[in-house]
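S.K.: Have a look at this prediction, sequence included:
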Amino acid sequence: MYPPPRKDFISLTLTEQDSRSYNNSKQWRRQSCWRKWKQLSRLQRSLILFLLALLVVCGIVTYPNLTDHWRDLSDRRAAGRPGGSRQKPFPSRRKRTDWSFPNPSPRGSRCQTDGAPRACRAAGNEGNESAWQAKENEKQGPAAKNGDEEEEEGGEKEEEGEKPLISWRGAMIEADHATEPQPSAKVKDLVPSGPAQPGEGASVGPEARLPAVLEAFRHAWKGYKEFAWGHDELKPISKTFGEWFGLGLTLVDALDTMWILGLKEEFEEARKWVETELSFSKDVDVNLFESTIRIMGGLLSTYHLTGDVLFFDKAKDLGVRLMPAFSTPSKVPYSDVNLGKGTAHPPRWTSDSTVAEVTSIQLEFRELSRLTKDPRYREAVDEVMRMVHKLEGKHDGLVPMFINTNSGQFTHRGVFTLGARADSYYEYLLKQWLQGGKKETELLEDYVQAIEGVKKNLLRQTSPLKLTFVGELSHGRFSPKMDHLVCFLPGTLALGAHNGLPEDHMELAKQLMETCYQMYAQMETGLSPEIVQFNTQPRNGRDVEVKPADRHNLLRPETVESLFYLYRFTQDKKYQDWGWKIFESFNKYTRVPSGGYTSISNVRDPTNPSPRDKMESFFLGETLKYFYLLFSDDPELVSLDKYVFNTEAHPFPIWPSDQ
């Protein structure tokens, strides 16, 4: 028999399952990948998903920094490329740029402060100049044009040298008191530049500068009166208002400013509202610190300036309603009070208060006790100061930022700053001593020790200009970070030196004043950012750097405040000139033609500063007031030998020696 024939191949038949067969299609490959994915263990799949999510998060976080880095790198390369055009790092500030404010949605989120004391993309389009700006250009005439040309030529001359370019031509003003979300639609009839001020230029005297401040206040008041009357804050771009406490915050904060500026008609309108509309018997939570310095401080100050008992009665009513804040286990007050219910509580997320909040209400409550002959107000706030004086956790007189309302102890120890959450503690040490007639030596000792602690631990110099600045200390590590809020310090140091403290306090005040001015002058808009990082390394570049998240300007007063003190005590005209340049920049980049001024998001971009649609109450209560006092040559206009300003620029009388 023959064996079976040998076969050199194998026959394989593929059968269809569920009517599907392999055909190498994309659909089949996707199904195959899905099978492989399902074959992985749960741990393997979780690990892969976690790594992918981590990569996405890292990409989102690093993208803005990488973008800025490559943009700066490309700018430097373009500036230094042989044969290429040299870019200007500091554009001329007087050169007008047409841009539109976006229109926010009519209902935005309410702006609040997270405890920091003192708490819209636009397209340039030269072909679409608004009628409003056209009129202003006609008013300025050829003189303004010539000024622009001269300034541009000066800028080009500066760039020809090898030294770093520093702009001296002008400077324009939690967590913090947050701002509204940026608007999304355009409003074509709004432009940033304000009308030309009388006598524009650094050499302009008080005969032109004082009327300019008056005009600016009237312009801001016009917007508030028309769009936000009786409400807390003006939103000038959307022509509406924002509420915080529902107590007419801007109006009350501006009362004594109107009186000092001599705006009697506006003052009488505001007084009538206070008399008929301002009531504290409402179910509303207010921040103890902010309502004390802005509302009670404003009412007490106005009472002293006018003698009108209406303001005293309102201040006393508010003071009584704020007292429940001190009903804590430690006597360190809660941060929030309900005026109508008479209850108080800490923030929802913590039982801590910030040190600045609980130690910067003393001037107001002490004055209320003096006027009412009721000692309980002063006793409550003095007890807080005695506790802080004895607490452990200080570092050479410097205090941490938080204190617990239950234990009465410092928390989050090891972080020391003169910025947000600690700033006005140091300010009020000196000012309480002055208010009480220089009798409370414990306050003075704490202040002097703190200044020595600042000099020992927080002072550094920048490169290349050797500017002196105040940084921060975190668990022994120094950071060259400085808030704009710290610019209260030059004025406070000068005030102390004027009252007999060491002369080196005045020298330090002058050095820091120069630095605070440079925080404006080295920005393209001439406006200081909220926070700066100083360059301390010997390399080419700016002294002042700004992170993208810190480039906003909230119309803050601290630098103008210190300029006022320095001018009063030294009579050096350069401080008035610096202030005028800042004022001009405010008008150029924050003024809204329909009325009011707005905070902005980007001080580094003069063509697109991104308005935030919010005018803080302190712009009228502090910033414009200090501008007016700075430009006045009358030393008796709120004499610093007779009055002491609270941290919201409301003047209180220094007590007679027999009290």
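M.R.: Done, it's in. Residues are numbered from 1 along each chain as shown.

S.K.: got the end-to-end distance for stretch 234-251?
M.R.: Taking CA to CA, to the nearest Å as the measure, stretch 234-251 stretches 10 Å from start to finish.

S.K.: For that stretch, could you pull out the residues that count as buried?
M.R.: Buried positions in stretch 234-251, judged by neighbour count with 16 or more other CB atoms under 10 Å: 234-242, 244-245, 247-251. Quick note: C-beta positions are derived from backbone N, CA and C, even for glycine.

S.K.: Mind picking the two most distant members of the residues you listed?
M.R.: Among these, the pair separated by the greatest distance (CB to CB) is I237 and L247, at 23.4 Å.

S.K.: which ones are touching A509?
M.R.: L489, P490, G491, L493, A494, A497, S562, Y565, L566 (CB atoms under 8 Å, 6 or more residues apart in numbering).

S.K.: Measure how far the host helix or strand of it is from the centre of its chain, please.
M.R.: Secondary structure assignment for A509, by DSSP states H and E: helix 503-521. Put simply, helix 503-521 sits 19 Å off its chain's centre (CA atoms, centre = their mean, to the nearest Å).

S.K.: Show me what whatever helix or strand F618 lives in is packed against.
M.R.: Following DSSP H and E, one finds F618 within helix 617-618. Applying 3 or more CB pairs under 8 Å, 6 or more residues apart in numbering; DSSP states H and E, one finds that helix 617-618 contacts helix 249-253.

S.K.: So which other helices or strands are in contact with the helix or strand following the helix it packs on?
M.R.: The first helix or strand that comes after helix 249-253 along the chain, using DSSP H and E, is helix 255-261. Applying 3+ CB pairs under 8 Å, 6+ apart, one finds that helix 255-261 contacts helix 206-227, helix 264-276, helix 297-306, helix 624-631.

S.K.: Out of the ones you listed, which is closest to F326?
M.R.: Of all the helices and strands packed on helix 255-261, it is helix 297-306 that lies closest to F326, at 17.8 Å by CB to CB.

S.K.: Show me what counts as buried in the helix or strand just after the closest one.
M.R.: Moving toward the C-terminus from helix 297-306, the next helix or strand (DSSP H and E) is helix 309-322. Buried positions in helix 309-322, judged by neighbour count with 16+ other CB under 10 Å: F311, F312, K314, A315, K316, D317, L318, G319, V320, R321, L322.

S.K.: One more: stretch 473-484?
M.R.: Those would be L473, P480, K481, M482, D483, H484, for stretch 473-484 by 16+ other CB under 10 Å.

S.K.: one step back: and the helices and strands packed on helix 255-261 as CSV, adding mean neighbour count, mean pLDDT and distance to A549?
M.R.: Below are the helices and strands packed on helix 255-261 laid out as CSV (neighbours: other CB atoms under 10 Å; pLDDT from 0 to 100; distance: least, CB to CB, whole Å):
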stretch, mean neighbour count, mean pLDDT, distance to A549
helix 206-227, 19, 96, 27
helix 264-276, 15, 98, 37
helix 297-306, 24, 98, 31
helix 624-631, 26, 98, 27
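
S.K.: Reformat those as TSV; add distance to A509.
M.R.: What follows is these, written out as TSV (distance: least, CB to CB, whole Å):
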stretch	distance to A509
helix 206-227	23
helix 264-276	33
helix 297-306	24
helix 624-631	15
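
S.K.: Of all those helices, which one is nearest L508?
M.R.: Across the helices and strands packed on helix 255-261, the minimum distance to L508, taken as CB to CB, is reached by helix 624-631, at 20.3 Å.

S.K.: Give me the helices and strands touching whichever helix or strand comes after the closest one, please.
M.R.: Next in sequence after helix 624-631, counting helices and strands by DSSP H and E, comes strand 643-645. Counting contacts by 3+ CB pairs under 8 Å, 6+ apart, strand 643-645 is packed against helix 423-435, strand 651-653.

S.K.: Name the stretch among the ones you listed that sits most buried.
M.R.: By mean neighbour count, with neighbours taken as mean count of other CB atoms under 10 Å, helix 423-435 ranks first of the helices and strands packed on strand 643-645 at a mean of 25.

S.K.: Give the next helix or strand downstream of it.
M.R.: Per DSSP H and E, the first helix or strand lying C-terminal to helix 423-435 is helix 441-457.

S.K.: tilt between that following helix and helix 503-521?
M.R.: Going by axes from the mean of the first three to the mean of the last three CA atoms, to 10 degrees, helix 441-457 is angled at 60 degrees with respect to helix 503-521.

S.K.: could we number from 21 for the rest of this?
M.R.: Renumbered: residue one is now 21, and that last one reads helix 461-477.

S.K.: and the angle from helix 461-477 to helix 443-455?
M.R.: Per the same axes, to 10 degrees, the angle that helix 461-477 makes with helix 443-455 is 140 degrees.

S.K.: average model confidence for helix 461-477?
M.R.: Confidence for helix 461-477, expressed as mean pLDDT, is 98.

S.K.: who does the very next helix or strand once past it pair up with?
M.R.: On the C-terminal side of helix 461-477, the nearest following helix or strand under DSSP H and E is strand 479-481. When pairing is defined by DSSP bridges, strand 479-481 lines up against strand 488-490 (antiparallel).

S.K.: Show me which residues of the partner strand are buried.
M.R.: By neighbour count on 16+ other CB under 10 Å, the buried set for strand 488-490 is T488, F489, V490.

S.K.: Contact partners for the first one?
M.R.: Put plainly, it is T488. L479, R480, Q481, L528, Q531, L532, E534, T535.

S.K.: Look at it and report its pLDDT.
M.R.: T488 is assigned a predicted lDDT (pLDDT) of 98.

S.K.: For it, name its beta-bridge partners.
M.R.: Beta bridges link T488 to Q481 when assigned by DSSP bridges.

S.K.: Next, S427: secondary structure please.
M.R.: Following DSSP: H, G, I helix; E, B strand; the rest coil, we place S427 in the coil state.

S.K.: Quick check: phi and psi at it.
M.R.: phi -90, psi -20 (degrees, to the nearest 10).

S.K.: Likewise for D305?
M.R.: Per-residue torsions, D305: phi -80, psi 130 (degrees, to the nearest 10).

S.K.: Was I right to think it contacts G360?
M.R.: No - using CB atoms under 8 Å, D305 is not in contact with G360; the gap is 9.6 Å.

S.K.: Tabulate the buried residues of stretch 493-504 (JSON lines), appending secondary structure, distance to V612 and pLDDT.
M.R.: Output for the buried residues of stretch 493-504, formatted as JSON lines (DSSP: H, G, I helix; E, B strand; the rest coil; distance: CB to CB, whole Å; pLDDT from 0 to 100):
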{"residue": "L493", "secondary structure": "strand", "distance to V612": "40", "pLDDT": "98"}
{"residue": "P500", "secondary structure": "coil", "distance to V612": "35", "pLDDT": "97"}
{"residue": "K501", "secondary structure": "strand", "distance to V612": "31", "pLDDT": "97"}
{"residue": "M502", "secondary structure": "strand", "distance to V612": "29", "pLDDT": "98"}
{"residue": "D503", "secondary structure": "strand", "distance to V612": "26", "pLDDT": "98"}
{"residue": "H504", "secondary structure": "helix", "distance to V612": "22", "pLDDT": "98"}
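
S.K.: from the residues you listed, which two are the most distant?
M.R.: Farthest pair in those (CB to CB) is L493 and H504. Separation: 18.9 Å.

S.K.: Mind pulling up the pLDDT for R562?
M.R.: 83.

S.K.: how close does the residue nearest to it when sequence neighbours are not counted get to D503?
M.R.: Spatial nearest neighbour of R562, excluding adjacent residues (CB to CB, 6 or more residues apart in numbering): Q542 at 5.8 Å. Going from Q542 to D503 by CB to CB, to the nearest Å gives 16 Å.
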